[in-house]
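Visitor: Fold the following.
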Amino acid sequence: MWTPNLSSFRGPRYLAIVSALAEDVERGHLKAGDQLPTHRDLATVLGVTTGTITRAYSEAAKRGLLVGETGRGTFVKANLFEDAFPAPSSTEDENFIDLSLNIPPLSVGDPLGQALTKTLTGLAARPGLSTLMGYQPAAGLERHRAAGAAWVARSGLKVDAQQILICNGALHAMTVVFSTLTKPGDSVFTESLTYPGMKNLAHLLHLRLKGLPTDDQGIIPEAFDNACRHEPARILYTIPTLQNPMGTIMPEARRRQIAAIATAHNVAIVEDDVHSFMLSSPPPPLSFFAAENSYFILSTSKSIAGGLRIGYLVAPPRMVEPLATSLRATVWMAAPLMAEIASEWILDGTADRLVEQKRSEAAARQLIATNALAGFRFDAHPLSFHLWLHLPEQWCSNEFSAQLRRRGVAVTPAEAFVPGREESPHAVRVCVGAPRSRAQLEKGLEIIRAVLHETPDPSLSIL
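Guide: Take a look at the predicted model:
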């Protein structure tokens, strides 16, 4: 008989039972179709009332963990959509553990699937639904832009809906901004280590990236000011909150300094804020301090669902029309149906609930990583999807990554984040959100820890 271990769960007993159930399902201790104890039997074992068990099972059913069958009992719910919507095929072995993708972890019980089913059912009954399948204004429908403004306001930036452009994710928003503001050969400032998507975009648009020195608070103001005087660039691209890959958070005082320098030198700020949703009280956006020359980017991909592909681009009023022209030239418009779903979830609280679940899972996974990598140096925020692992002296990042891949684990070497031809540090990014389960994450981290103690394989050297 399944008996939950409640020692590590706080709060009401019925919620502790639900949490223990979710964890045992996630770890594979309980499988789809497994029968659970009767209310009375489990109540006796745990020393609680049958009402507590009834309440726990009811809550677990709401979360998609259980299903009750009259006359038979209560069972761990199978994934009803597994056959209709199979997981994407992979060229890798099933045992391969990918810790290279900076994506949010899946929440136990498929709350995203439940929310999507409910929303699509409601949309199907709505008159005039087919209008969402027609052409719409490039910047988006008014109600979608208003919902975007509400989502942006959670980050501390209150703007008029007319300043919002609906894009196909954050990277598309970046493409719209940079294709509008730059021409081939222009220079763009970034952190000393930057998002690889920015590197790919710079290659596509023939831009030159110049990395700025950073510390544990982000871009160093004096270095930024000096670069503006001697190596002018048109734009500063930055991720000031939970920076990718270093995980730093630029404090408010530093943000004010960076914004003042950008304003003084007429450098536009493109602020990538896709991770700030993980913080309950993030610092004010950098764009708040340079509103007339900043482009603020938020998306639903990390915070809600990667497949939703809705990005919100906040622009100075004078630049909305030129940006809308570029948006129209790239994809004409973001998919209105996806924007409608995102808007529904933002306005009815579903988005906030999904964010809370991601925070909880990210915190649990970061704790696993902290324990697994104890004794080694790494930088990580307790609510981040990734960590920045500094390698022992015997390793360089490419050799370490190659050795890990031979052992069935993928991480991202530092070279992927270096703008230009600067020397890369001896470090790798390890993503805790990508594994399908906590158990798979633990296994991958165990392999990383083992390789950290090893010496490079001479066969990896190039002669």
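
Visitor: burial of L46, as a residue count?
Guide: 18 (other C-beta atoms under 10 Å). Glycine gets a C-beta too; all of them are placed from N, C-alpha and C.

Visitor: Thought P4 was touching it, still the case?
Guide: Yes - taking C-beta atoms under 8 Å as the definition, L46 is a contact partner of P4 at 7.5 Å.

Visitor: overlap in contacts of the two?
Guide: I17 (C-beta atoms under 8 Å, 6 or more residues apart in numbering).

Visitor: surely R449 meets L373?
Guide: Yes - look at R449 against L373 with C-beta under 8 Å: they come within range, at 6.4 Å.

Visitor: Looking at those two, which is more packed in?
Guide: A side-by-side neighbour count of R449 and L373, using other C-beta under 10 Å, places L373 first with 18 against 14.

Visitor: what's near enough to touch the more buried one?
Guide: Taking C-beta under 8 Å, 6+ apart as the test, what L373 contacts is 387, 389, 445, 448-449.

Visitor: Looking at those residues, spot the one nearest H39.
Guide: L445 (38.0 Å; C-beta to C-beta).

Visitor: Around the nearest residue to that closest one once chain neighbours are set aside, count how many other residues there are.
Guide: Leaving aside its chain neighbours, L445 sits nearest to A372 (3.7 Å; criterion: C-beta to C-beta, 6 or more residues apart in numbering). Number of residues near A372 (other C-beta under 10 Å) recorded here: 18.

Visitor: buried ones in the longest helix along the chain?
Guide: Scanning the chain for the longest helix, with DSSP state H as the assignment, gives helix 350-372. For helix 350-372, burial by neighbour count (16 or more other C-beta atoms under 10 Å) applies to 350-352, 354-355, 357-359, 361-362, 365-366, 368-369, 372.

Visitor: just checking, what packs against it?
Guide: For helix 350-372, the elements it packs on are helix 111-124, helix 336-348, helix 438-452, judged by 3 or more C-beta pairs under 8 Å, 6 or more residues apart in numbering; DSSP states H and E.

Visitor: Report the rounded mean pLDDT for it.
Guide: Computed over helix 350-372, the mean pLDDT rounds to 94.

Visitor: Also stretch 179-187?
Guide: 96.

Visitor: That one: end-to-end distance?
Guide: End-to-end distance of stretch 179-187: 13 Å, with C-alpha to C-alpha, to the nearest Å as the criterion.

Visitor: ok, and what's touching that stretch?
Guide: By C-beta under 8 Å, 6+ apart, stretch 179-187 touches 188, 205-210, 231-235, 268, 319, 322-323, 325-326, 329-330.

Visitor: for that stretch, the distance to its chain's centre please.
Guide: Stretch 179-187 has its C-alpha centroid displaced from the chain centroid by 28 Å (C-alpha atoms, centre = their mean, to the nearest Å).

Visitor: do the same with stretch 154-169
Guide: 18 Å.

Visitor: swap in stretch 32-40?
Guide: 35 Å.

Visitor: in that stretch, what's buried?
Guide: 36-37, 39.

Visitor: of those residues, closest to G408?
Guide: L36 (34.1 Å).

Visitor: For the closest one, give me its contacts.
Guide: Here L36 is in contact with 2, 42, 57, 66, 73-76 (criterion: C-beta under 8 Å, 6+ apart).

Visitor: Try it again at 6 Å.
Guide: Counting by C-beta atoms under 6 Å, 6 or more residues apart in numbering, L36 makes contact with 2, 74.

Visitor: And it, how close does it get to N226?
Guide: Remark: distance between L36 and N226 (C-beta to C-beta, to the nearest Å) = 65 Å.

Visitor: sorry, back to before: now list the buried members of the contacts of stretch 179-187.
Guide: 188, 205, 207, 209-210, 233-235, 268, 319, 323, 326.

Visitor: Now do the helix or strand of the chain with the lowest mean pLDDT: which elements does it pack against?
Guide: Ranked by mean pLDDT, DSSP states H and E, the helix or strand of the chain with the weakest confidence is strand 66-69, at a mean of 82. Under the contact definition 3 or more C-beta pairs under 6 Å, 6 or more residues apart in numbering; DSSP states H and E, strand 66-69 sits against strand 73-76.

Visitor: Poorly predicted segments of the stretch 51-200 of the chain, please.
Guide: 78-94, 108 (pLDDT under 70).

Visitor: all strands for it, in order.
Guide: Along the stretch 51-200 of the chain, the segments classed as strands by DSSP state E, counting those that start in this stretch run 66-69, 73-76, 97-98, 164-167, 187-191.

Visitor: Reformat those as a markdown table; add distance to H29.
Guide: A markdown table is the format used below for the strands of the stretch 51-200 of the chain (distance: least, C-beta to C-beta, whole Å):
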| stretch | distance to H29 |
| --- | --- |
| strand 66-69 | 15 |
| strand 73-76 | 10 |
| strand 97-98 | 20 |
| strand 164-167 | 42 |
| strand 187-191 | 42 |
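
Visitor: hey, which of the ones you listed is tucked in deepest?
Guide: Highest mean neighbour count among those (mean count of other C-beta atoms under 10 Å): strand 164-167, with a mean of 28.

Visitor: How about exporting that strand as PDB, limited to the C-alpha atoms?
Guide: What follows is strand 164-167, C-alpha atoms only, in PDB (Å, rounded to 0.1, in the frame of the first residue of the first chain):
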ATOM      1  CA  ILE A 164       2.800  47.300 -26.900                       C
ATOM      2  CA  LEU A 165       3.500  45.300 -30.100                       C
ATOM      3  CA  ILE A 166       2.600  41.600 -30.100                       C
ATOM      4  CA  CYS A 167       5.400  39.400 -31.500                       C
END
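
Visitor: And that strand, what does it pack against?
Guide: helix 142-153, strand 311-314.

Visitor: how about 7 Å then?
Guide: helix 142-153, strand 311-314, helix 320-330 (3 or more C-beta pairs under 7 Å, 6 or more residues apart in numbering; DSSP states H and E).

Visitor: P435 is nearest to which of these?
Guide: strand 311-314 (25.7 Å).

Visitor: Distance from the chain centre to the closest one, please.
Guide: 16 Å.

Visitor: How about stretch 29-39?
Guide: For stretch 29-39 - counting by C-alpha atoms, centre = their mean - the centre lies 32 Å from the chain centre.

Visitor: That one: end-to-end distance?
Guide: With C-alpha to C-alpha, one end of stretch 29-39 sits 20 Å from the other.

Visitor: domains in this protein, as residue ranges please.
Guide: 13-76, 97-114+351-460, 135-348 (automatic domain parsing).

Visitor: hey, which of these is tucked in deepest?
Guide: Mean neighbour counts for the domains of the chain (mean count of other C-beta under 10 Å) peak at domain 135-348, with a mean of 20.
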